[in-house]
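Engineer: Quick one, what's the 3D model for this:
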Amino acid sequence: MIKVEGLGKRYKLGAPTAFDPRAGLMENIRRLTGGKRPDFWAVRDVSFEVEQGEALGVIGRNGAGKSTLLKMLSRITVPTAGRFTINGRVSSLLEVGTGFHPELSGRENVFLNGTILGMRRAEVRRKFDEIVEFSGVERFIDTAVKHYSNGQKVRLAFAVAAHLEPEVLIIDEVLAVGDVEFQRKCLGKMKDVTTHGRTILFVSHNMSAINSLCGRCLLLDEGRIEAIGDPGSITTRYLSHNSSGLVGEKDLSSSPVSPDGAGRFLHLRWTNTSGKVIDHVQLTQAFNLEVDFEIVERGYKPQPVALVYNSSGEIAFMTFPGEGDHPTQPGRYRATLHFPANLFNEDTYYVSFWFCTWLPHKVHFVLENAISIQVLDDLESPTRAPSHATVMGIVRPKLPWDIHPL
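Structural biologist: I've put the predicted structure just below:
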């Protein structure tokens, strides 16, 4: 369905981006005097193919060339080098409200977008009620889109793009605008699209969504393809080299003692069962959270209390050492929290800490969102999620089942 050969896009750094007589004059003078603006290749020598009914994920750091690649394939910008062919009708969703006219109502924009995609009016009318129901903007469908929130725009834009049955659906990281429930609906719809033989090109920073939806994954780095293949191995490679968004270890040794003089945290780190510092883990693997802390003032019995949240801010649970399991004398200590395998679902998890004494109860200080870790599905596990299913919930424990004839 998609064939890309040696595709590249070059920009001139600092070149004027809009018609401006003064800027144009200065640019001509620069050229006459031999001044040259440096080239910047946003995408360079990219080649790949996507088969019908396949979902290809595209990942990479900010500035890696992901959005530029999609803009070329959507014919929004013209390539500098190479070529590509796409067989079939293409629908693109690259930013909030793509293709919407702000003065037109939601209803009018649905028909306008359908026409742009080459649909007949009867086809759009047949799908209209389904589009509006999916988007959740029924009350505002006859209101001008300029009055919509960003969330309402992306809901309606995605609903139009996904329901008007294009052969190829190109989606950038716009689902981050929607709420959690809508993101789940979108992922479910995209899985449904691929089962009906349509093709998806999907850019996302959500590794769980990439692993769940895509059959293959392409990793871009500085405009070039670094790797392409199985989503599990590619996302693991990406996370291991680009963990700036995750915090696997934090040094707090220079932090001050709590205002009441009880103590302080010294160091936080995630480790695997071999003691190596990590920032991501497969959900079938056990791992640890090590907390180094110091008790300074005699008479206090402080201990770390961990509050674990998912990426949506929902608290998964609170955990703390049992009575008698924490020290009472001044000194430096290490508390190790052991997480068993098959506990979490796929997501990024954040931990906030309380440093507190239970009896008598006193919170000495709070450390918000101190450290984070990404939990990924194990694609080699026989208990992995089905390829076209969204596994709900914060936790995903492996519980015993007993099945027998009645």
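
Engineer: Counting residues, name the longest strand you see in this protein.
Structural biologist: strand 362-376 (DSSP state E).

Engineer: Need the CA coordinates for it. PDB is fine.
Structural biologist: Taking C-alpha atoms only, strand 362-376 is exported to PDB below (Å, rounded to 0.1, in the frame of the first residue of the first chain):
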ATOM      1  CA  LYS A 362       3.600  12.600  61.500                       C
ATOM      2  CA  VAL A 363       4.400  13.400  57.900                       C
ATOM      3  CA  HIS A 364       7.900  14.900  57.900                       C
ATOM      4  CA  PHE A 365       7.900  15.800  54.100                       C
ATOM      5  CA  VAL A 366       6.500  14.800  50.700                       C
ATOM      6  CA  LEU A 367       8.400  14.100  47.500                       C
ATOM      7  CA  GLU A 368       6.100  14.300  44.500                       C
ATOM      8  CA  ASN A 369       6.600  12.300  41.300                       C
ATOM      9  CA  ALA A 370      10.100  11.400  42.400                       C
ATOM     10  CA  ILE A 371      10.900   8.600  40.000                       C
ATOM     11  CA  SER A 372       9.200   6.800  37.100                       C
ATOM     12  CA  ILE A 373       9.400   3.500  35.200                       C
ATOM     13  CA  GLN A 374       7.800   2.200  31.900                       C
ATOM     14  CA  VAL A 375       6.200  -1.300  32.000                       C
ATOM     15  CA  LEU A 376       5.900  -3.000  28.600                       C
END
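
Engineer: tell me the mean pLDDT over that strand?
Structural biologist: The pLDDT scores in strand 362-376 average 86.

Engineer: Give me the sheet partners of it and which way each runs.
Structural biologist: strand 280-282 (parallel), strand 347-357 (antiparallel) (DSSP bridges).

Engineer: Determine the set of other helices and strands touching the helix or strand following the shortest one.
Structural biologist: Right, strand 280-282. Where DSSP states H and E defines the elements, the next helix or strand beyond strand 280-282 is strand 287-295. Helices and strands touching strand 287-295, as assessed by 3 or more C-beta pairs under 8 Å, 6 or more residues apart in numbering; DSSP states H and E, comprise strand 263-272, strand 303-309, strand 331-339, strand 347-357. The way it works is simple: take the backbone N, C-alpha and C, and place the C-beta from them, glycine included.

Engineer: which stretch among the ones you listed comes nearest residue 162?
Structural biologist: Among the helices and strands packed on strand 287-295, the nearest to residue 162 by C-beta to C-beta is strand 347-357 (23.6 Å).

Engineer: ok, and what's touching the closest one?
Structural biologist: Contact with strand 347-357 is made by 208, 246, 258, 262-265, 268, 289, 291, 293, 300-311, 316, 362-375, 394, as judged by C-beta atoms under 8 Å, 6 or more residues apart in numbering.

Engineer: Leaving out sequence neighbours, find the closest residue to residue 394.
Structural biologist: Using C-beta to C-beta, 6 or more residues apart in numbering and skipping the chain neighbours, the partner closest in space to residue 394 is residue 316 (4.6 Å).

Engineer: give the contact list for the one you found.
Structural biologist: Contacts for residue 316 (C-beta under 8 Å, 6+ apart) come out as 308, 309, 310, 344, 349, 394, 395.

Engineer: let's see 7 Å
Structural biologist: In this structure, residue 316 makes contact with 308, 309, 310, 394, 395, judged by C-beta atoms under 7 Å, 6 or more residues apart in numbering.

Engineer: helix or strand for it, which one?
Structural biologist: Element membership of residue 316 [criterion: DSSP H and E] is strand 315-319.

Engineer: Relative to the one helix or strand residue 9 maps to, what are the paired strands and their orientations?
Structural biologist: In this assignment (DSSP H and E), residue 9 forms part of strand 2-12. Strands that pair with strand 2-12, judged by DSSP bridges, come out as strand 39-50 (antiparallel), strand 81-86 (antiparallel).

Engineer: Would you tell me which of these gets closest to residue 276?
Structural biologist: Among those, strand 39-50 comes nearest to residue 276, with 33.4 Å by C-beta to C-beta.
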